[in-house]
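Student: Sharing a model that was predicted from the sequence below.
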There are 6 protein chains.
Amino acid sequence: MRLQFATWPEVETHLERSTGILIPVGSTEQHGPGGLIGTDALVAEAIAARAASEHDRILVAPVLAYAPAQFNLSFPGTVSLRAATFSQVVVDVVDSLAAGGFDAFYFLNGHGANIAPVRCACHDLHQRRVLARPAMAPLKFRLKSWWEFPETDALRRELYGAGEGMHATPSEISVTQAISTAVRSDHTAKSWTPLPVERLRDLAGDAHEDARLHRASFPDGRVGSNSALSSAEHGEALLCTAARELAADYRRFVADPAW
Amino acid sequence: MRLQFATWPEVETHLERSTGILIPVGSTEQHGPGGLIGTDALVAEAIAARAASEHDRILVAPVLAYAPAQFNLSFPGTVSLRAATFSQVVVDVVDSLAAGGFDAFYFLNGHGANIAPVRCACHDLHQRRVLARPAMAPLKFRLKSWWEFPETDALRRELYGAGEGMHATPSEISVTQAISTAVRSDHTAKSWTPLPVERLRDLAGDAHEDARLHRASFPDGRVGSNSALSSAEHGEALLCTAARELAADYRRFVADPAW
Amino acid sequence: MRLQFATWPEVETHLERSTGILIPVGSTEQHGPGGLIGTDALVAEAIAARAASEHDRILVAPVLAYAPAQFNLSFPGTVSLRAATFSQVVVDVVDSLAAGGFDAFYFLNGHGANIAPVRCACHDLHQRRVLARPAMAPLKFRLKSWWEFPETDALRRELYGAGEGMHATPSEISVTQAISTAVRSDHTAKSWTPLPVERLRDLAGDAHEDARLHRASFPDGRVGSNSALSSAEHGEALLCTAARELAADYRRFVADPAW
Amino acid sequence: MRLQFATWPEVETHLERSTGILIPVGSTEQHGPGGLIGTDALVAEAIAARAASEHDRILVAPVLAYAPAQFNLSFPGTVSLRAATFSQVVVDVVDSLAAGGFDAFYFLNGHGANIAPVRCACHDLHQRRVLARPAMAPLKFRLKSWWEFPETDALRRELYGAGEGMHATPSEISVTQAISTAVRSDHTAKSWTPLPVERLRDLAGDAHEDARLHRASFPDGRVGSNSALSSAEHGEALLCTAARELAADYRRFVADPAW
Amino acid sequence: MRLQFATWPEVETHLERSTGILIPVGSTEQHGPGGLIGTDALVAEAIAARAASEHDRILVAPVLAYAPAQFNLSFPGTVSLRAATFSQVVVDVVDSLAAGGFDAFYFLNGHGANIAPVRCACHDLHQRRVLARPAMAPLKFRLKSWWEFPETDALRRELYGAGEGMHATPSEISVTQAISTAVRSDHTAKSWTPLPVERLRDLAGDAHEDARLHRASFPDGRVGSNSALSSAEHGEALLCTAARELAADYRRFVADPAW
Amino acid sequence: MRLQFATWPEVETHLERSTGILIPVGSTEQHGPGGLIGTDALVAEAIAARAASEHDRILVAPVLAYAPAQFNLSFPGTVSLRAATFSQVVVDVVDSLAAGGFDAFYFLNGHGANIAPVRCACHDLHQRRVLARPAMAPLKFRLKSWWEFPETDALRRELYGAGEGMHATPSEISVTQAISTAVRSDHTAKSWTPLPVERLRDLAGDAHEDARLHRASFPDGRVGSNSALSSAEHGEALLCTAARELAADYRRFVADPAW
């Protein structure tokens, strides 16, 4: 069930069976010369929706489409929330749902820079509840990026090898191609120029860099990704695999004995 | 053009023609026993997308789906951002886009409680820019709720009269029926009980009330609305009319001489 | 009774009879070439004080004299709180008084730009109280601008017609003339230049604009108001009428059966 | 000149002669069984207004009537802003006025607990301006409590000796008696019970204590003050002396060579 | 006992005997041409640690080494937290410890500009606890600067007279010389130029000034202090005296009958 | 050079050679029955200080000793800053140092929960600077946890294998034993009970859990760590190795050609 397409009595019924909810988290930022600005949000929401369509005990909230992405601000069309703002959004979303009876929050992530602010939000949610007098009931949180699921990860590596790269990856481009054919079918990926491995390792280890330096390093917006390898068929396979692994991990998380 | 389905070079091209952007603003809250929790976001985004599909100089950002709605927190499934959080989201979205060259922001609103925090955000955006040294270039903002457009307003009054009411209105339910048939077709509206006019006038004049009192006053979530009058046909007519009026008002706002 | 002229035992006695309080809200901003910078605060406080002088069950707090007014920052002497700051002030004032036993807060407003931040504050006060565990007792709020009272509105339209305009209105100037004769009697209003109706309608529909554009549009600070029509006699009549309507509306709001 | 009774062209003229402004800072809190809740605001504003009435180069802003006073929250009628909120108010007031050309801000204080948050606000105003790139022009601030002026301090000690105490002092009560006769003349001070000196020294050295302990220690709200010694005649003498010393100190502060 | 060198079971044992904790508060800012940037933190922590080494019922937390110091930002190496940030740090430290059972917080201060933000933090901690429903148990706070203890104050005046000055004082330099010989022994103090008394009085009465003006007034960073008078022997004597007075005052504060 | 033991002219000289600074980041939280509450701060600062003692081009700031650690709040003595507060501290520290000329900030981390809030702070620092008009000069950041350095990581795995665990690890306990012998030599580590691998993997993948659940899962505070394996000799070897790798990585980061 998807929250935006549900009625409140349906949510009430869901809560009788499960106090878990699945929240996709995306971004609105450039994804290279041929990738969609909404890629991260579209992909996270699509995987979550697919999982929900196959398991009626999964309730999916609307995607958090705006997120921190300062390193892409030199590309027009990118929107970046401050990490502080985004954390507050997560706090308020959780607080509202917790008041209604939810206590298990699974964030399906589609954008690397979301990890830190979601973790900060969870920290501060926990802290406020444990310091309250009387203390408030504990919540639990899980944050997973869809490319972390083992089979999905193996599939993208099998399909693209080193061409997967780090941003505007062929895997995420493929998923958008699978799901947005009704919207547009012309956003073909373009060729790419490989980047030195050393450079990528530095990026991985550090905080994301200043937007101006970022555009100077990656002039067309992709970070080591051969987006041209993407295809809607790959996208469907990735979507399928990730949705299946998500459903299994979500089920373990909510520890639903009756599933 | 819709931002999430565009590439950054396409946004760059848009900016050469227009520095305006259209941002739909919704909510995620109960809409009565048969209305969708995502109604306000779905409707605002649908009207904006329709306008954009007919006018290629209109760029539509992803909908702000989470918003302040404390008065509905006693109904499960409602999410309410604090007004302070929501204003910060608006500030960050505008700041990001302004850095990329946008300077005219049109908010198409689908939820009454958004008006105050969007206005606060615009106030504080203006204030920071005028107090900066050197002062930053001025921005302009417009905030319209889709039911304010004269012909749309006339149409909903003609269709529903006093049955339109104030929340989970047949007009908004109709638009969701027109656009979500692929998702679900079974969310039929239910019968309603009219409310004393005096009560509604008080609500209109005051700030939205406490969630517990609100649910006590309106046990099934509708506020004076005969949601059962809705139909997908009505929805398509409303969508059409509102999109046409939105496009015209947006054009006046951005003052695009070449339109 | 006015709070600043009361003792705490008198407030304790008031609370035995009524848990309501009336809070005037003004501004400190330019009011045209001849209007007082404190106009909005002076008028709101005067009307509230008049109502309290005639009804001993009304307790009036000191006026909130500083408020958001960024659009007037290009005129020297204007002070503008950020909307976020002002909302926090309202939250803290309500929180303090609620701890002492007040639960019904009536804001008498004298400045249009206060409506949004007061509503945001009320939203967030409600939300925090309903989300607390245990939940806190509900509060109720009403926000009215003095020119909204039907008879007051009729009187100002009868006196000034289209000359009333939108800022530095002859009605508010008249009230300051009625109450500040001891302070200064020389601030005579000056002649005015009418503005195109189209321009005013746009202002009404939009958020308040950037301060630099505002001064460019309205070089002497008035917005379509023929302040020269004002007089102390008018002021006294408006004050009288508004105070009477305020007392009646306040009484309905606190629902005081023993009044 | 008092800002709320001035027009913007008058402020413009003032700025040609002086870039200084005098901001009275008060409180809205209990002042013992017979003292007025607005005492601190009334007294600070009265002294500032008197100084301005005698020196036309002094411009006085409306009093900041709401301030931090948590230790008095156990007495009904007390309003306490959080120190964080109050500091933001001071920051916004200064930012607005600085944008208009003011650069010398003199706070005349009437409430001990204001000192810390005003100093914090000044710290953060300085810090933001010096860290900005390009750096913003420096501002200067002075904060004086009216009872610190040497002759005023000597006078209150001569009049009341140990009976002056620390809260609801006969000196502040006297000034309110001098200025509020038109409003009320019946608020006679009551007898007092002396407190052990040790206790008062502890209070002076520590942060203000918890409100519940405070009321337990000082059940009628006065802290060591023999408020019954007050009189309107004393008040006039104190007002006169403090206004004269304020004017002289303000002049030194703004360093006005043409005074 | 020092918290960073304790285990949690040791803290648990401490709490059975005492619910007090001693928190040294310093700064990281220039201290003249020969003084250490960490002077304020080093001195406050050394005095607290000395007191704890002599009294096993004193538990000392790690020093708050970063604090507000904007007036020294024109000297490289100075770090200044915003007062608002620093107050939040104090709030969070107290909240955490209060949850564990501490209720008496003694701040030993080494930097004048800390007084205001610590007081603001204490105010807001009190306010939140008293306004909570149910109200939270009261806390108590004391804030003392080490140079305020009477014998320590007498000793520094006896040793240095007018040469003590206000910043980079020979007394604080002496303490750093006593404790940091293992780290460095070469930071000899340099000669000084006296400042007019009038100038120093103004500084004392006002908020700390803008960093650029501050460096212009005090080009080498000292404010009226003859740092060259310092010696490690003086430092040891001052450390000894202050630690003894601190222990006695802390004991009175926690009111430990079994001491 | 260590900042707290430097003078401002020495920092000025450092800046002529290098605009980099090394900031250790720790925590103040329980570390099992025998580990020190200050472990994370002591270890990070010790490694940084060792590196600086061997390379005079490394400047080390005082450790950030207080950090987010909500999951340990059920153990007395733990202090947890909210992630939001801690991020603000990092922002202010960087802003201050950047104003003085630093532009390369290397955070040496000793506590896993610091990663998210430091990344958030860096994000928001970048965003503010790139959105400023005129834009501010870019900064660069690196965040490394000391156990990530390859040789250090290999050494701890060689010494402890699976006994290293996740909290109160023998490696960090060993370093504290190496450096705190002067302070205390009696904090011997205790025996441990292994935890199921499944449980640990879940922890690694999720956000840190609620403090009450955390203590229930790990009653003595250690998370899978055989702290009893620690020794001062190991500590010295780890300290040595980590300091050497830190210096090399720091040098690459600041890209100092003259090193």
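Tutor: Perfect, I can see it now.
Student: Could you use CA atoms for every contact and neighbour count after this?
Tutor: Will do.
Student: Chain E contacts on the stretch 101-250 of chain A?
Tutor: A:131, A:133 (CA under 8 Å from any CA of the partner chain).
Student: Any stretches of the stretch 51-200 of chain A with poor pLDDT?
Tutor: Scanning the stretch 51-200 of chain A for pLDDT under 70 picks out A:181-183, A:185-200.
Student: Helices of that one, start to end?
Tutor: A:83-99, A:115-131, A:150-160, A:170-179, A:197-205 (DSSP state H, counting those that start in this stretch).
Student: tell me the most buried of these?
Tutor: helix A:170-179 (a mean of 28; mean count of other CA atoms under 10 Å in any protein chain shown).
Student: show me the contacts for residue A:215.
Tutor: Shown in contact with residue A:215 (CA atoms under 8 Å, 6 or more residues apart in numbering or on different chains): A:72, A:74-75, A:221.
Student: right, is stretch A:106-117 up against chain B?
Tutor: No - between stretch A:106-117 and chain B, judged by CA under 8 Å from any CA, nothing touches; the nearest distance is 14.1 Å.
Student: picking up where we left off before, now render the helices of the stretch 51-200 of chain A as CSV, adding distance to residue C:131.
Tutor: Putting the helices of the stretch 51-200 of chain A into CSV (distance: least, CA to CA, whole Å) gives the following:
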stretch, distance to residue C:131
helix A:83-99, 6
helix A:115-131, 12
helix A:150-160, 38
helix A:170-179, 38
helix A:197-205, 39
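Student: now for those helices, which one comes closest to chain C?
Tutor: Chain C sits nearest to helix A:83-99 of all the helices of the stretch 51-200 of chain A, at 6.1 Å, using CA to the nearest CA.
Student: which residues sit against the closest one?
Tutor: So helix A:83-99 is in contact with A:67-68, A:103, A:105, A:117-118, A:120-122, A:124-125, B:73, B:76-82, B:85-86, B:88-89, B:92, C:131, F:84, F:120-121, F:123-124, going by CA under 8 Å, 6+ apart.
Student: repeat that for 6 Å
Tutor: A:68, A:117-118, A:121, B:79-81, F:120 (CA atoms under 6 Å, 6 or more residues apart in numbering or on different chains).
Student: Tally up the residues packed near residue A:161, please.
Tutor: 12 (other CA atoms under 10 Å in any protein chain shown).
Student: before we move on, what about the one 3 residues further on?
Tutor: The number of residues packed around residue A:164, counting by other CA under 10 Å, is 23.
Student: do the one 3 residues further on as well
Tutor: The local packing count at residue A:167 equals 22, with neighbours defined by other CA under 10 Å.
Student: Residue A:143 now?
Tutor: 22.
Student: Please tell me I have it right and it contacts residue A:107.
Tutor: Yes - the criterion here is CA atoms under 6 Å, and residue A:143 meets it with residue A:107 at 4.7 Å.
Student: For chain E, what's its nearest residue on the stretch 1-150 of chain A.
Tutor: Taking CA to the nearest CA, the stretch 1-150 of chain A has residue A:131 as its residue nearest chain E, at 6.1 Å.
Student: which of the residues in the helix or strand harbouring residue A:48 are buried?
Tutor: Using DSSP states H and E, residue A:48 sits in helix A:39-54. Buried residues in helix A:39-54, defined by neighbour count with 16 or more other CA atoms under 10 Å in any protein chain shown: A:39-53.
Student: do you know how far the residue in the stretch 1-150 of chain A that chain F sits nearest to is from chain B?
Tutor: Relative to chain F, the nearest point of the stretch 1-150 of chain A is residue A:116 (4.1 Å; CA to the nearest CA). Separation of residue A:116 from chain B (CA to the nearest CA, to the nearest Å): 18 Å.
Student: That residue and residue F:114 touch, don't they?
Tutor: No - using CA under 6 Å, residue A:116 is not in contact with residue F:114; the gap is 9.7 Å.
Student: Appreciated, that's everything.
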